[in-house]
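Visitor: have a look; sequence and predicted model below, questions after that.
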Amino acid sequence: MEVFNYWLYFNQNITIPNYRMLFFPNAKINIGLNVINKRSDGYHNIETVFCPIGLSDVLEFVYLPGIRAGSVSFSITGIPVEGPHESNLCVKAYNILNRDFTLPAIAIHLHKIVPPGSGLGGGSSDAAFMLKNLNVQFELKLDEDQLCDYASRLGSDCAFFIKNRPIFGYERGNSFREIELFPGYFDIVVINPGIHISTSEAYSGVRKGIPAQPLEELVNLPVEQWRGQIINDFEGSIIKKHPVIDDIKNKLYKLGAVYASMSGSGSSVYGLFSEKAPAVEDQFPGFFCWSGPMV
């Protein structure tokens, strides 16, 4: 992979054709998350309902004329993301397609708004949106199943963002079944206390097993009945180490949420509100707070 200086290139006042794409990779929440068992490949079989929400990053790529095909530059603003640029999932998404299609050179810029490592899938969404929009812009003619296959190679929940609609996920979270019924409009409040929980930490304390009642059935209950029935298996051990997560949940219920849960392996917690979500910034000082609609 050839890497060059994004800002130096654009400071040369080179005229660029109309090959520019701007898009907004949205986050997700997990409604329920059951860890079934460990797989022979080292991953885990899970069951969850993925649901897109309106919180999003800003992602742009620009065609670079005169630069060798297969070259990519990357820059980032907003919330810092650890690691070298070449390890960013946006760059990896470009490279995985470039191996099969030899893509034109592009410059990628990511403005990071979704907190990294928060259980909201921000990095996976960035990667999936890169795949989808490279496919459109450069007319690769990949269908949804093919895009899901590429996305699954980048991360277990990347494939969800190819579909990007409420859907039941199973196996590694990269196989899907459509949901026949799903609750109507809800406002969502997301609170992230800034605690990093590694994947190994999350799985080390989880109790694995098949739930007594299938999540696919429980999610069709009225949302007011979800509390105590739809659970995230990661919560039990993580709350013991980080009780602030339980404090956030309880406060969201006091503020009127009809359902509250940790998303993914944490540490973000969300609440669903049947009416307009209340302002919460004063209730959670120092935490990342967002409210908005389901997508």
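Guide: Ah, there it is. Numbering: from 1, shown residues only.

Visitor: and residue 143, how many neighbours?
Guide: 9 (other C-beta atoms under 10 Å). All C-beta atoms are positioned from the backbone trio N, CA, C, and that covers glycine.

Visitor: and it, how far from residue 135?
Guide: Separation of residue 143 from residue 135 (C-beta to C-beta, to the nearest Å): 9 Å.

Visitor: run through the bridge partners of residue 62.
Guide: Here residue 62 sits in beta bridges with residue 20, residue 107, as judged by DSSP bridges.

Visitor: what segments of the stretch 1-150 of the chain are strands?
Guide: 20-23, 26-38, 44-56, 58-63, 72-78, 106-112 (DSSP state E, counting those that start in this stretch).

Visitor: how about CSV for these, with mean pLDDT, distance to residue 86 and mean neighbour count added?
Guide: Below are the strands of the stretch 1-150 of the chain laid out as CSV (pLDDT from 0 to 100; distance: least, C-beta to C-beta, whole Å; neighbours: other C-beta atoms under 10 Å):
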stretch, mean pLDDT, distance to residue 86, mean neighbour count
strand 20-23, 88, 21, 14
strand 26-38, 95, 24, 22
strand 44-56, 95, 24, 22
strand 58-63, 95, 16, 19
strand 72-78, 96, 8, 18
strand 106-112, 96, 11, 21
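
Visitor: export those strands to JSON lines and tack on distance to residue 276?
Guide: Converted to JSON lines, the strands of the stretch 1-150 of the chain look like this (distance: least, C-beta to C-beta, whole Å):
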{"stretch": "strand 20-23", "distance to residue 276": "27"}
{"stretch": "strand 26-38", "distance to residue 276": "18"}
{"stretch": "strand 44-56", "distance to residue 276": "14"}
{"stretch": "strand 58-63", "distance to residue 276": "25"}
{"stretch": "strand 72-78", "distance to residue 276": "27"}
{"stretch": "strand 106-112", "distance to residue 276": "27"}
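
Visitor: so which of those gets nearest residue 292?
Guide: The stretch from the strands of the stretch 1-150 of the chain with the least distance to residue 292 (C-beta to C-beta) is strand 44-56; that distance is 4.0 Å.

Visitor: can I get the closest one in PDB, CA atoms only?
Guide: The C-alpha coordinates for strand 44-56 follow below in PDB (Å, rounded to 0.1, in the frame of the first residue of the first chain):
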ATOM      1  CA  HIS A  44     -18.300 -17.000  19.900                       C
ATOM      2  CA  ASN A  45     -21.800 -17.800  18.700                       C
ATOM      3  CA  ILE A  46     -24.200 -15.100  19.800                       C
ATOM      4  CA  GLU A  47     -27.800 -14.000  19.300                       C
ATOM      5  CA  THR A  48     -28.800 -10.400  19.200                       C
ATOM      6  CA  VAL A  49     -31.000  -7.900  17.500                       C
ATOM      7  CA  PHE A  50     -29.100  -5.100  15.800                       C
ATOM      8  CA  CYS A  51     -30.800  -1.800  15.400                       C
ATOM      9  CA  PRO A  52     -29.300   1.300  13.600                       C
ATOM     10  CA  ILE A  53     -29.500   4.600  15.300                       C
ATOM     11  CA  GLY A  54     -29.000   8.200  14.100                       C
ATOM     12  CA  LEU A  55     -25.700   8.900  15.800                       C
ATOM     13  CA  SER A  56     -23.000   8.900  13.000                       C
END
